[in-house]
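K.L.:
Provide a 3D model corresponding to the input given below.
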Amino acid sequence: MADGGQGPAPAPVGPSPVGPLVVACLDPADLRQEVDPLTGEVRADWRRADLSASDGAALEHSLRAAEAWGGTVLALAAGPPGLDPVLEQAVALGARALRVPWSDAHSGPAVDAVALAAALAAAISQAGPPALVVCGDRSPSRGIGAVPALIAHHLGAEQALGLVSLTVDQSSQVVIAERRLDGGWRERLRVRAPAVCSVEAAGVRLRRAPFAAALRSSGQPIPVAASQSGVASTGAQLRIGGPRPYRPRTKAVAPPMGGTHDRLLALTGVLVAHDPPRIVGPLGPVEAAGELLDFLDGHGYSPPSGPAQ
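P.N.:
Alright, predicted model coming up:
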């Protein structure tokens, strides 16, 4: 893959030395991009690259999971050498760092997320089989949120996306996650390792690195993942159109048999026996449940009655 500039030579990254491997898949970007008032061109400067709130939450969750399991954290990012100062922050927090050379990682919504996820998954495989991969829920530069699911596909891992809470079971490699649902509801999931999770910036703030560790990590070379054959670094162009109503795909249906009259009868269903619609209600919960059970029983959906237990 093409690199965005001169950097350290690609170096292999061996397996995790101690315990399970937890990967924090980060997407540093310029969070204060400038917009040309005449042309509308968005200018990003890698010298201002930093972690978004969701990426900071992903790194914090990774550190907590590694502490609970007695494992190590690998901070992974794709981009040019300008990302190295951001990865140095992860090193100061006790993580290992690895950068995937990717010159087109932040080129806007037309980036090939499939190729990017394949490159990230290949770099993770170089480091060893991960127990948990944590990503931010949305990229600050692309915003499509598809890369975590694609990484899970390439790794053959379970996935839980858009989480607001993530805790790990110390006795087993199980992740307890919560996802926000409509109406103020929450969905609680039990995800087994290996797993890929994406988290929102909800109630979690990245810890501050000790001053001595920040000084030691400053200026240290960040390892670069070796290029993988068959993975391109230039993304395929995607066509992005305006919103339109959802239309389900058509399916082939067998035509009715017989002459014209029989075909019309079959298509209109006039000879098919059916119950006329009726309005029930408003009813209370007990009466509504009774009406629903009577309907299911009348149409043969009730389970067969057996001997009393």
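K.L.:
only C-alpha atoms for contact and neighbour calcs from this point on.
P.N.:
Fine.
K.L.:
end to end, how far does stretch 31-41 reach?
P.N.:
From its first residue to its last, stretch 31-41 covers 15 Å (C-alpha to C-alpha, to the nearest Å).
K.L.:
swap that for stretch 151-163, please
P.N.:
Distance across stretch 151-163, first residue to last, is 16 Å (C-alpha to C-alpha).
K.L.:
right, and the helix or strand after the lengthiest strand in the chain?
P.N.:
As assigned by DSSP state E, the longest strand anywhere in the chain is strand 158-169. Counting by DSSP states H and E, the element after strand 158-169 in chain order, helix or strand, is strand 174-180.
K.L.:
ok, residues contacting the helix or strand following that following strand?
P.N.:
Note on strand 174-180: by DSSP H and E, the next helix or strand toward the C-terminus is strand 186-192. Residues outside strand 186-192 that contact it (C-alpha atoms under 8 Å, 6 or more residues apart in numbering) are 158-160, 173-181.
K.L.:
look up how far residue 146 lies from residue 196.
P.N.:
On the measure of C-alpha to C-alpha, residue 196 and residue 146 end up 12 Å apart.
K.L.:
more crowded one of the two?
P.N.:
Shown here are residue 196 and residue 146; by other C-alpha atoms under 10 Å, residue 196 has more neighbours (30 against 16).
K.L.:
tell me the bridge partners for residue 177.
P.N.:
Beta-bridge partners of residue 177, counted by DSSP bridges, are residue 166, residue 189.
K.L.:
elements contacting the lowest-mean-pLDDT helix or strand in the chain?
P.N.:
When the helices and strands of the chain are scored by mean pLDDT, DSSP states H and E, strand 42-43 comes last with a mean of 73. Helices and strands touching strand 42-43, by 3 or more C-alpha pairs under 8 Å, 6 or more residues apart in numbering; DSSP states H and E, are strand 34-35.
K.L.:
sheet-wise, list the partners of the strand it packs on with their directions.
P.N.:
strand 42-43 (antiparallel).
K.L.:
so the residue sitting nearest the centre point of the chain is in which element?
P.N.:
Geometric centre of the chain, nearest residue: residue 148, 3.2 Å, by C-alpha atoms, centre = their mean. Residue 148 belongs to helix 147-155 when assigned by DSSP H and E.
K.L.:
ok and that helix relative to strand 158-169, angle-wise?
P.N.:
Regarding helix 147-155 and strand 158-169, their directions subtend 100 degrees when assessed with axes from the mean of the first three to the mean of the last three C-alpha atoms, to 10 degrees.
K.L.:
how near is residue 213 to residue 60?
P.N.:
Distance of residue 213 to residue 60, given as C-alpha to C-alpha: 17 Å.
K.L.:
more neighbours: the two, which one.
P.N.:
Per other C-alpha under 10 Å, whichever of residue 213 and residue 60 has more neighbours is residue 60, with 20 against 15.
K.L.:
which secondary structure element contains that one?
P.N.:
Going by DSSP H and E, residue 60 is in helix 53-69.
K.L.:
check the offset of the helix or strand following that helix from the chain's centre.
P.N.:
Using DSSP H and E, the helix or strand that follows helix 53-69 towards the C-terminus is strand 72-79. Its chain's C-alpha centre and that of strand 72-79 lie 16 Å apart, by C-alpha atoms, centre = their mean, to the nearest Å.
K.L.:
strands along this structure, start to end?
P.N.:
21-26, 29-30, 34-35, 42-43, 49-50, 72-79, 96-101, 130-136, 158-169, 174-180, 186-192, 195-199.
K.L.:
of all those, which one comes closest to residue 265?
P.N.:
Comparison of these against residue 265 by C-alpha to C-alpha identifies strand 186-192 as nearest, at 47.4 Å.
K.L.:
what are the buried residues along that closest one?
P.N.:
191-192 (16 or more other C-alpha atoms under 10 Å).
K.L.:
angle of that strand against strand 174-180?
P.N.:
Put simply, strand 186-192 runs at 160 degrees to strand 174-180, going by the same axes, to 10 degrees.
K.L.:
what is the orientation angle of strand 186-192 with strand 195-199?
P.N.:
Using the same axes, to 10 degrees: strand 186-192 against strand 195-199 is 150 degrees.
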